[in-house]
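>>> Give me a 3D structure for the following:
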Amino acid sequence: MSVMCIYCGNKPGSTRDHVPPKSLFPKPRPVNMLTVPCCDDCQARFKKDEDVFMAWITIGPAIESRAGKPLWEQKLKRTFEKDRGVNEIIRRSCKPVDLKTPAGINLGKGLASSIDHERKNNVLGKIVRGLFWVEYNERLPEDVAIEIYGVSRTGEDIENLSARTYEGKAIGEGIFEYRYARAPESFESYWVMSFFRRNYFFAIVDGVNLIKIHNK
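Presented below is the predicted three-dimensional model:
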């Protein structure tokens with residue numbers, strides 16, 4: 001008996017989907033990448049959002065990271081050159097900013113980009129669904145609420161969230177890490193996701209009892 005697609009639940013999981021998307025990782029890719037059962041339609045319908053998200057997540061400080069530089073050269077540079085749609089979306093959202101280290105040392109000028117919240121939440125919500133399957137071997141119902149919040153990488157919010165969650169898996173050196181916790185006998189769960197140790201997000205699944213963390 002075939003496993004159904006974990007995203008729609010309506011079609012057989014005829015292929016394997018990477019969680020997070022494999023386009024996030026430069027070659028050689030990590031050996032411990034996570035995959036989940038997925039149908040071809042669900043894999044295709046998220047592609048444009050994932051392309052925009054991956055371009056956005058690596059603009060700015062992340063592109064200067066150890067993993068961000070080869071990813072730009074191997075993948076994202078070609079995406080910008082060949083995909084006019086992604087190029088235009090990112091170009092419109094970019095603005096120059098001063099780059100600084102966490103200690104406040106000025107690194108010069110760089111680019112920062114905002115991203116359409118719907119695209120961002122589509123990708124992060126999909127990643128959360130994949131991680132839930134990986135950790136619990138259960139499919140989140142399609143209509144379950146998933147709330148996404150940006151979190152500062154320093155300060156009380158991230159410290160409190162780390163103290164209240166369990167360490168998950170780290171995929172690639174400094175590329176993607178997550179922490180999680182789940183309420184007993186429910187889908188209610190909490191996920192902290194880190195991309196390049198520069199962009200942090202907090203996701204609440206079916207949350208009813210948790211004080212919300214506001215966007216930073």
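>>> all strands of this structure, in order?
15-19, 34-38, 94-100, 106-113, 146-151, 166-171, 176-182, 189-195, 199-205 (DSSP state E).
>>> Specify the stretch among those that is closest to L140.
Closest to L140 of the strands of the chain, according to C-beta to C-beta: strand 199-205, at 6.6 Å. (C-beta placed from N, C-alpha, C; glycine too.)
>>> elements contacting that closest one?
Strand 199-205 sits against helix 117-136, strand 146-151, helix 156-163, strand 189-195, with contacts defined as 3 or more C-beta pairs under 8 Å, 6 or more residues apart in numbering; DSSP states H and E.
>>> The third one to strand 146-151, inter-axis angle?
Going by axes from the mean of the first three to the mean of the last three C-alpha atoms, to 10 degrees, helix 156-163 is angled at 120 degrees with respect to strand 146-151.
>>> With the longest one instead?
Interaxial angle of helix 117-136 relative to strand 146-151 (the same axes, to 10 degrees): 110 degrees.
>>> Run through who's touching helix 117-136.
With C-beta atoms under 8 Å, 6 or more residues apart in numbering as the test, helix 117-136 has contacts from 6-7, 17, 19-21, 34, 36-37, 46, 49-50, 52-53, 56, 138-140, 146, 148, 168-169, 178, 180, 182, 187, 189, 191, 193, 201, 203, 205.
>>> I148 and F201 touch, don't they?
Yes. Using C-beta atoms under 8 Å, I148 is in contact with F201, at 5.9 Å.
>>> Identify the bridge partners of the residue lying closest to S162 once chain neighbours are set aside.
Distances taken as C-beta to C-beta, 6 or more residues apart in numbering put R179 closest to S162, at 6.2 Å, once the chain neighbours are dropped. For R179, the beta-bridge partners are E167, V192 (DSSP bridges).
>>> Okay, R179 and F187: tell me how far apart.
Going from R179 to F187 by C-beta to C-beta, to the nearest Å gives 18 Å.
>>> Please apply the same query to L34.
From L34 across to F187, the span is 19 Å (C-beta to C-beta).
>>> No further queries at this time; thank you.
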